[in-house]
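Novice: When you get a sec, could you give me coordinates for this:
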Amino acid sequence: GLGIGAARVVAWNPKPPYGEAAAYIDARAGPTDPLLELVLDFGSIETELTPPFRVYRETCVEPATRPGQIVTGGLRCGIARVGFTRALRGASRAFVLAHHSDGPPTVPELERRWRLVGSRTFDNHFIPLRVLEYVRR
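Specialist: Down below sits the predicted model:
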């Protein structure tokens, strides 16, 4: 009974489409282009991206550069917004991964000096993900 119940939950509650989003990012991003992560399932995108990559959380000082760093506590994270500011220093292109919403997510660090040049939504009818691509103005 437990096995049948677990199978039903997995069928009803599929994992967000991280593989599709990662393939899209991998096809467009260079090794120094940061990915700013605004999702609830931290650490999942890193398992799908092709190294090298730099995934930043708002409050983490260093980027995740290999799978599992966010989940296992391999990064120093706090409550201050330092991650995105650090990620964008010296970058000319950046990507944002967010849950789908009607408009672009609010990322104050991108509002003044960055321009949105691309957006794609990956929908699995449960938790759609959105990847946005920005370039420096």
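Novice: unless I'm mixing things up, residue 29 is touching residue 53, no?
Specialist: Yes: Residue 29 is within contact range of residue 53, at 7.5 Å (criterion: Cβ atoms under 8 Å). For every residue, glycine as well, the C-beta is placed using N, CA and C.
Novice: neighbour-wise, which of these two wins?
Specialist: Per other Cβ atoms under 10 Å, whichever of residue 29 and residue 53 has more neighbours is residue 53, with 24 against 21.
Novice: Tell me how far the more buried one lies from residue 115.
Specialist: As judged by Cβ to Cβ, to the nearest Å, residue 53 and residue 115 stand 22 Å apart.
Novice: now swap in residue 108 and tell me
Specialist: Distance of residue 108 to residue 115, given as Cβ to Cβ: 15 Å.
Novice: Likewise for residue 66?
Specialist: Per Cβ to Cβ, residue 66 is found 30 Å from residue 115.
Novice: before we move on, what about residue 91?
Specialist: Per Cβ to Cβ, residue 91 is found 13 Å from residue 115.
Novice: Mutual contacts of those two, please.
Specialist: Taking Cβ atoms under 8 Å, 6 or more residues apart in numbering as the criterion, residue 91 and residue 115 both touch residue 136.
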